[in-house]
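Trainee: give the three-dimensional model of this entry:
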Amino acid sequence: MRKIKLIDNISGLQLFQLMKFTIFLIISIVLTKSHLTRAEIGAWEMFLFISGLVSFFWVTGIIQSLLPLYHRNRTYRKTGDNGTGKSPEIFNAFLLLSFFSLIVFAIGHALKGSFSVFHFSGNVPYLNLLLLYVLLSSPVCLIEYIYLLNNLSYRIFQYGIYTFALQLILVLAPILMGKDIIWGVYGLLAVTGVRWIWLIILLNKYAEIKISAEFMKEHFYLGLPLVITTLISGSAQYIDGIIVSAVYRDPGWFAWFRYGAKEFPLALMLANGLNNALLPEFSTRTQMKETLTKIKEKSRNLMHICFPSTMAIMLIARWIYPRMFTPEFQKSADIFLLYSLLVIPRLVFPQTIIVGRKKTHITMIAAIIEIGLNIPLSLLMIKWGYNIVGVAFATFVVYLISKLYLIIYLWVKMKIKPSEYIPVKIFMLYSFLLGLLFVLIDHRIIDIR
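Mentor: Numbering: from 1, shown residues only. Below you'll find the predicted structure:
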């Protein structure tokens with residue numbers, strides 16, 4: 001029992017995010033070593049790519065806006081505790097997620113005969129199954145946050161262990177038996193069905209079944225800028241993928257790019273987990289100083305973990321890629337090296353403070369700046385001969401600019417200095433060392449193959 005108690009809300013959510021990435025990475029590795037062709041693997045990656053593309057922004061926006069609203073909203077603050085211990089906020093957030101899922105499902109079916117990803121390669125793979133997956137998978141993203149809001153951090157960990165282990169089995173077992181990739185898609189849908197049963201049980205236990213148009217309006221008003229922000233800012237990998245598919249029109253190039261266009265998972269998942277876990281703590285102004293100190297301490301701990309581990313993985317990236325996947329995917333290593341640099345802006349958290357204080361329109365402005373620079377810079381890098389590597393570099397540059405804008409906003413408008421929530425000296429030292437290492441690897445001065 002002592003071991004379980006060591007898992008708090010932050011580490012529970014971080015572990016869940018890390019498990020999610022790890023399972024999909026294992027699946028990707030096994031697929032490359034199976035009987036499947038590169039085109040079939042590309043179809044699987046395209047399935048995941050499009051399902052994420054059409055849902056990630058509104059799912060993230062709705063959930064992130066729920067977290068600061070859970071303890072501090074106009075609708076239910078007046079009525080107080082209903083005596084049941086159940087939350088109407090959770091139920092209404094579930095309704096919003098389900099509504100958007102149905103909208104995407106309906107629009108997808110209405111348009112399914114008139115769009116494709118690659119201009120010459122036909123329709124999106126398994127479109128009917130893809131739309132069903134979006135319909136079912138989006139609302140179940142609420143599960144880990146129900147546990148978070150009820151301070152059941154160990155349950156987040158247990159839920160992740162059970163469902164991701166099941167996903168690994170149901171997706172890979174048919175492939176290892178020699179079946180087509182569509183059987184892996186069936187496995188993914190099956191585990192999503194299990195998660196739906198889990199969600200219904202949690203809603204019955206923790207949510208008050210009470211529809212509130214007033215709360216949904218308040219939730220949507222706060223969440224809409226976050227939806228737009230995530231659509232723009234968080235869509236960097238999707239925008240990159242669209243640019244690559246549009247310019248090169250070859251599923252092979254797309255597969256090379258997708259296998260490399262992955263941030264170092266430890267940094268990405270731990271940072272996202274910290275950001276989301278701290279959002280509910282901005283319930284009052286009196287907690288600001290305490291929460292800023294916590295962000296600074298937690299981000300310092302993350303830097304001591306994530307920067308050295310990112311440097312280590314960068315050193316062996318060109319060696320490990322052709323061995324982890326196949327020699328065909330050697331080109332993906334250069335993309336991964338550039339995406340690894342995203343750990344630099346990823347480990348500062350001005351957006352956590354801004355969203356926690358419900359100033360979501362500011363993050364939307366930063367996102368508009370980001371997309372306004374990303375697309376033209378990516379196309380310029382391709383024109384200058386950097387190919388898909390240039391697309392990855394453009395993503396790093398614009399993400400850095402976006403974070404800098406948020407830091408300046410906090411300093412100028414909210415009088416919160418960077419040193420109040422960023423361990424500046426440690427951050428600058430690690431960033432310099434990481435940048436230097438990248439230059440040495442990029443120029444083949446350090447070349448481990």
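Trainee: pull out the buried residues from whichever helix in the chain runs longest.
Mentor: Identified as the longest helix of the chain according to DSSP state H is helix 288-324. Residues of helix 288-324 classed as buried by neighbour count (16 or more other C-beta atoms under 10 Å): 288, 291-292, 294-296, 298-299, 302-303, 306-307, 310-311, 313-315, 317-318, 321-322, 324. Where C-beta positions appear, they are placed from N, C-alpha and C, glycine not excepted.
Trainee: show me how this structure divides into domains.
Mentor: Listed by automatic domain parsing, the domain ranges of the chain are 1-232, 235-449.
Trainee: ok, residue 151 to residue 67 distance?
Mentor: In this structure, residue 151 lies at 13 Å from residue 67, with C-beta to C-beta, to the nearest Å as the measure.
Trainee: with neighbour numbers in mind, choose between the two.
Mentor: More neighbours surround residue 67 than the other of residue 151 and residue 67, with 22 against 12 (other C-beta atoms under 10 Å).
Trainee: tell me the contacts of the more buried one?
Mentor: Residues near residue 67 by C-beta atoms under 8 Å, 6 or more residues apart in numbering: 145, 148-149, 276, 279-280.
Trainee: mind checking the SS state of it?
Mentor: On the three-state scheme (DSSP: H, G, I helix; E, B strand; the rest coil), residue 67 is labelled helix.
Trainee: which pLDDT value belongs to residue 27?
Mentor: On pLDDT, residue 27 comes in at 90.
Trainee: skipping adjacent residues, who's closest to it in space?
Mentor: For residue 27, ignoring the flanking residues on the chain, the nearest one in space by C-beta to C-beta, 6 or more residues apart in numbering is residue 171 at 5.6 Å.
Trainee: packing partners of the helix or strand hosting that neighbour?
Mentor: Using DSSP states H and E, residue 171 sits within helix 153-176. Judged by 3 or more C-beta pairs under 8 Å, 6 or more residues apart in numbering; DSSP states H and E, helix 153-176 is in contact with helix 2-5, helix 9-32, helix 143-149, helix 182-206.
Trainee: if we go to 7 Å?
Mentor: Applying 3 or more C-beta pairs under 7 Å, 6 or more residues apart in numbering; DSSP states H and E, one finds that helix 153-176 contacts helix 9-32, helix 143-149, helix 182-206.
Trainee: ok, of those, where does mean pLDDT dip lowest?
Mentor: helix 9-32 (a mean of 85).
Trainee: how far off centre is the following helix or strand past it?
Mentor: Using DSSP H and E, the helix or strand that follows helix 9-32 in sequence is helix 38-53. When distances are taken as C-alpha atoms, centre = their mean, to the nearest Å, helix 38-53 is centred 17 Å away from the chain's centroid.
Trainee: residues of helix 38-53 that come out buried?
Mentor: Using 16+ other C-beta under 10 Å as the test for burial, helix 38-53 gives 38, 40-53.
Trainee: just those now: which is nearest residue 358?
Mentor: Distances from residue 358 to the buried residues of helix 38-53, taken as C-beta to C-beta, are shortest for residue 52 (26.7 Å).
Trainee: how near is that closest one to residue 138?
Mentor: 10 Å.
Trainee: please apply the same query to residue 178.
Mentor: Here residue 178 is placed at a distance of 32 Å from residue 138 (C-beta to C-beta).
Trainee: and those two? Which one has more around it.
Mentor: Shown here are residue 178 and residue 138; by other C-beta under 10 Å, residue 138 has more neighbours (24 against 9).
Trainee: so what's the more buried one scoring on pLDDT?
Mentor: Confidence score, pLDDT, at residue 138: 92.
Trainee: that one and residue 58 touch, don't they?
Mentor: No: applying C-beta atoms under 7 Å, one finds residue 138 not in contact with residue 58, separated by 8.0 Å.
Trainee: shared neighbours, these two?
Mentor: Between them, residue 138 and residue 58 have residue 100 as joint contacts when contacts are counted by C-beta atoms under 7 Å, 6 or more residues apart in numbering.
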